[in-house]
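# model the following, please.
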Amino acid sequence: MSPDPTSTSAALVPDPTAGPGPRRVLVTGANSGIGKAVAVALADDAEHVTVTWHADEDGARRTAEEIAAHGATAHVVHLDLTDPTSAVGVVDDAVAAMGGLDAVVLNAGTGTATPLLDVTWQEWRDVLSVDLDGAFVCLQTSARHLVRQGTGGRIVAITSVHEHAPRVGSGPYCAAKGGLGLLVKVAALELAEHGITVNAVAPGEIATPMTGQEDESVLEGKERPGVPLGRPGDAREVAAVVRLLCRPEGGYVTGASWPVDGGMLTMGPMAGSHLESDDWRRP
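Prediction:
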């Protein structure tokens, strides 16, 4: 039986060969690293890109300059997800300033490196507040705008390889990213009828300020024996996957988690960016 062309879902099916990517984009935590790379990559197709920052306004301004150099109008707003409910007003204002919303990338996040027995309740809540509660509020608020518009849309959450695999000392972070990964799947199911896709991108070690590498070259002096490709990733490699998911060509992908990790997860229990030897490559 052929699809009913008058149905809501059929009307929102994109032509995967036609048109640019989203025109109005919101990227949280875009003052540096992955968020910055994503915002700049999406600016190639966009008319408006809103970037948020928490503690680094200068970094967000530099991101805005690069967005403008790509031909899009940049909007810079402060977002403090230690109070997740404050995200509602920030997202609403951003959508109003851009005249609508086509895609949102949930990148803002934080983490800890504290053994489970030493994690305080406040540390636990700080990480969950930003990485899970804040992401939920941003996702829900953005989705409500997309549903009201009735033209479909894209939501991408930046999780982590630790959405899928645990790491010692990262209990709150792993719990938050694992929870966000399942939230993405629920949202994908519930929003599909509105033509909205929801996916996760799960980076491994990426050379960014968050990993103490300040966006350095990943090809020079960065041996990683515990990663099959032997190096950290570049933020632009993550951004390229996000861009695909936001473009018409990515319209049949939803509810998925895309690791961008140099093959690390494939190693299973042998994996680890901390390994100092290539011995795992030999039986």
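# assumed Pro259 was part of a strand.
Yes. Pro259: assigned to a strand according to DSSP: H, G, I helix; E, B strand; the rest coil.
# surely Lys222 is in a strand?
No. Membership of Lys222 in a strand is not supported by three-state DSSP, which gives coil.
# isn't it up against Arg231?
Yes. Here Lys222 reaches Arg231: they are 5.0 Å apart, a contact under C-beta atoms under 8 Å. The way it works is simple: take the backbone N, C-alpha and C, and place the C-beta from them, glycine included.
# more crowded one of these two?
Shown here are Lys222 and Arg231; by other C-beta atoms under 10 Å, Arg231 has more neighbours (18 against 15).
# backbone dihedrals for that one, please?
The phi/psi pair for Arg231 (degrees, to the nearest 10) reads phi -160, psi 160.
# what's the neighbour count on Leu182?
12.
# does anything pack onto the helix or strand hosting it? Which helices or strands?
For Leu182, the element it lies in under DSSP states H and E is helix 171-191. Helices and strands touching helix 171-191, by 3 or more C-beta pairs under 8 Å, 6 or more residues apart in numbering; DSSP states H and E, are helix 121-128, helix 135-149, strand 153-158, strand 196-203.
# ranking these by burial, who's on top?
Of the helices and strands packed on helix 171-191, the one with the most neighbours on average (mean count of other C-beta atoms under 10 Å) is strand 153-158, at a mean of 27.
# quick one: that strand to helix 135-149, angle?
170 degrees (axes from the mean of the first three to the mean of the last three C-alpha atoms, to 10 degrees).
# and strand 153-158, which strands flank it?
Strand pairing for strand 153-158, determined by DSSP bridges: strand 103-106 (parallel), strand 196-203 (parallel).
# give me the mean pLDDT for it.
The pLDDT scores in strand 153-158 average 98.
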